[in-house]
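S.K.: missing the sequence, but the structure's below:
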């Protein structure tokens, strides 16, 4: 899976967190403000992406 790291950096306003070494291609991004939270997990080599969005007690999860 290809994605633009700069786009994710600008949206999440932070660097990615790599679950293993960077070369493994598995990372996550997160953003929190007040009761709003968004979390994205990516695996470049497995072509996998998961997004979790929550506001107060309402939660939405999407996997591709």
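M.R.: Alright, I've got the coordinates. Nothing here was measured: the structure is a model prediction, and the numbers come from that model.
S.K.: Name the residues that touch stretch 13-29?
M.R.: 5, 8-9, 11-12, 30-31, 39-45 (C-beta atoms under 8 Å, 6 or more residues apart in numbering). To be clear about C-beta, it is placed using only N, CA and C from the backbone, and glycine gets the same treatment.
S.K.: Can you pull up the most central residue in the protein?
M.R.: The centroid of the chain falls nearest to residue 40 when counting by C-alpha atoms, centre = their mean (1.9 Å).
S.K.: Find the residue closest to residue 8 in space, skipping its chain neighbours.
M.R.: residue 29 (5.5 Å; C-beta to C-beta, 6 or more residues apart in numbering).
S.K.: Find the helix or strand that the one you found is a member of.
M.R.: strand 26-33 (DSSP states H and E).
S.K.: Please name the residues that touch residue 9.
M.R.: Neighbours of residue 9 in contact, by C-beta under 8 Å, 6+ apart: 15-16.
S.K.: Quick one: classify it as helix, strand or coil.
M.R.: The local conformation at residue 9, judged by DSSP: H, G, I helix; E, B strand; the rest coil, is helix.
S.K.: where's it relative to residue 59, distance?
M.R.: 25 Å (C-beta to C-beta, to the nearest Å).
S.K.: partners of the strand holding residue 29, with directions?
M.R.: For strand 26-33, the pairing partners within the sheet under DSSP bridges are strand 17-18 (antiparallel), strand 36-43 (antiparallel).
S.K.: Would you tell me which one of those strands is buried the most?
M.R.: strand 36-43 (a mean of 17; mean count of other C-beta atoms under 10 Å).
S.K.: circling back to that earlier point, ok, and for the strand holding residue 29, which residues are buried?
M.R.: Within strand 26-33, the residues that qualify as buried are 26-29, counting by 16 or more other C-beta atoms under 10 Å.
S.K.: quick one on the thing from earlier: hmm, which two among the contacts of stretch 13-29 are most spread apart?
M.R.: 31 and 45 (24.4 Å; C-beta to C-beta).
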